[in-house]
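A.B. asks: Pasting the sequence and the predicted coordinates here, then a few questions.
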Amino acid sequence: MRRAGVVGAGAWGTALAQVCARAGLAVTLWAREPEAVQAIGETRENRLFLPGVALDPAVRATGRLADLADADLILLVVPAQHLRATLGALRPHLRPGAPLVLCAKGVEQGSLKLMSEVAAEVAPDAALAVLSGPSFAGEVARGLPTAVTLACADAGLGEALARALAGPTFRPYLSDDLIGAEAGGAVKNVLAIGCGVVEGRGLGRSAHAALITRGFAEMTRLAVALGARAETLAGLCGLGDLVLTCSSLQSRNMSVGLALGRGESLERALAGKLSVAEGVASAPAVRALAARHGVEMPVCEAVAAILGQEQAVDAAIAALLARPLKPELD
C-alpha cells in the first residue's frame, strides 16, 4: 500500500491524512469545500477545520473524487449521516480491491444502520475495516501519541492496514469485531452530550463518573445485542473513546451538552460551528435502535429527549434519578 485516499477534510480527516503521510503514504485528501482545497494547496494548512497545523508535503488536496481512483486504500471520514451519499458518488472511482476504512462514528437516521452496513449496501464488493478509538484530531495531527482500534473481519487485510497506517506515534490495535468498534464510537458521542449537560448544570464529578459508568453499561448492552463481543467495548474503541470524549471540552459533543446544561437552546449551541457533533444526529437513532432490540438505555434516551425538546434538562435528570432501584449488573 503506497497511496491513500482520505474522503473528508474536516479536522479528523485532515489529521488522518497526516497519519498516512507520516507512515510514508502519498495522500490525496478530498474536501467538499473549495476554500479548504485552496488553503491546503496554497498555505499547507487547513485553516477552515484544523488551523495552526502545518500539513505534510505528501498530502495533496482535491475537490474531485475521481482523483482518488489510484488509491490503494480509502479512509472515509465524512459525517455519518453523509456517508451513504458520498460513498455512492465515490463508488464509480474505487480501485478494485481497494479497502475502505470507515472512520465516521454514528448510526444512520431512518435506516438505523451502522456505517459498515451502509457501506456494504452501497459498495457490496469492497473490503471493509473500522478505525475507532480515543483520538482528538488536533493532537493526532501534531503527532502526539495515540492508540486506536482497527477492526477488520479479514485478519490478513487488517494486518496490512495496520502496517500501512502505523507510525512512531500512531498505534493501531487489531480486532475482528466491526460491530463492537462501531457501536462504541456511535454511543460514546451521545453519552458525551450527557456529560456536557452534567458539567453545564454544575452537578459535580460524582455525577460525571456515574454517567460515564452507567453509560458504558448501556453501550455494552446495545453492542452485544447487535452481535458484538462485550470485551471489545472494554478496549480503545469503547471505554477508551468514552473516557476521552466525556472528559474534555475539546469534544464537540461534550461542548454541545455543556451549552444545553447552561440553558442554551440546541440551535444556539450549534450556531457557528463548522465541525459536526455526531451525537446530535445519532441520539434519536441510537434510542430507536435500542428500542428495536429491546435494550434499556435510559441515559441515551434522556439525551435524545433533551435534544428533541421532549423533556427539559432538570426533568430528564430527575427522571433518571427516580428510576426503580436495581442490581448494578442487570
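C.D. replies: That came through fine.
A.B. asks: Which helix or which strand is home to residue 161?
C.D. replies: Using DSSP states H and E, residue 161 falls within helix 155-165.
A.B. asks: who touches that helix?
C.D. replies: 1, 4, 19-20, 23, 25, 72-73, 99, 101, 127, 129, 131, 150-152, 172, 174-176 (C-beta atoms under 8 Å, 6 or more residues apart in numbering). C-beta: built from backbone N, CA, C; applies to glycine.
A.B. asks: can you check stretch 322-330 too?
C.D. replies: Against stretch 322-330 from outside (C-beta under 8 Å, 6+ apart): residue 298.
A.B. asks: Quote the end-to-end distance of it.
C.D. replies: 17 Å (C-alpha to C-alpha, to the nearest Å).
A.B. asks: are any of the contacts of helix 155-165 buried, and which?
C.D. replies: 1, 4, 19-20, 23, 25, 72-73, 99, 101, 127, 129, 131, 150-152, 172, 175 (16 or more other C-beta atoms under 10 Å).
A.B. asks: returning to that earlier point: could you export the helix holding residue 161 as PDB, CA atoms only?
C.D. replies: Extracted in PDB, the C-alpha atoms of helix 155-165 (Å, rounded to 0.1, in the frame of the first residue of the first chain):
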ATOM      1  CA  ALA A 155      -7.100 -10.900   9.500                       C
ATOM      2  CA  GLY A 156      -4.600 -10.600   6.700                       C
ATOM      3  CA  LEU A 157      -6.100  -7.300   5.400                       C
ATOM      4  CA  GLY A 158      -6.300  -6.000   8.900                       C
ATOM      5  CA  GLU A 159      -2.600  -6.600   9.500                       C
ATOM      6  CA  ALA A 160      -1.700  -5.000   6.100                       C
ATOM      7  CA  LEU A 161      -3.800  -1.900   7.000                       C
ATOM      8  CA  ALA A 162      -2.200  -1.700  10.500                       C
ATOM      9  CA  ARG A 163       1.200  -1.800   8.900                       C
ATOM     10  CA  ALA A 164       0.300   0.800   6.400                       C
ATOM     11  CA  LEU A 165      -1.100   3.300   9.000                       C
END
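A.B. asks: quick revisit: which members of the contacts of helix 155-165 occur in helices, if any?
C.D. replies: Here DSSP state H is the test, and those give 19, 20 as lying in helices.
A.B. asks: if you look at the contacts of helix 155-165, which of them are in strands?
C.D. replies: 4, 73, 101, 129, 131, 150, 151, 152, 172, 174, 175 (DSSP state E).
A.B. asks: Skipping its backbone neighbours, what lies nearest the fourth one in space?
C.D. replies: Once its chain neighbours are removed from consideration, residue 129 has its nearest residue in residue 152; the separation is 3.9 Å (C-beta to C-beta, 6 or more residues apart in numbering).
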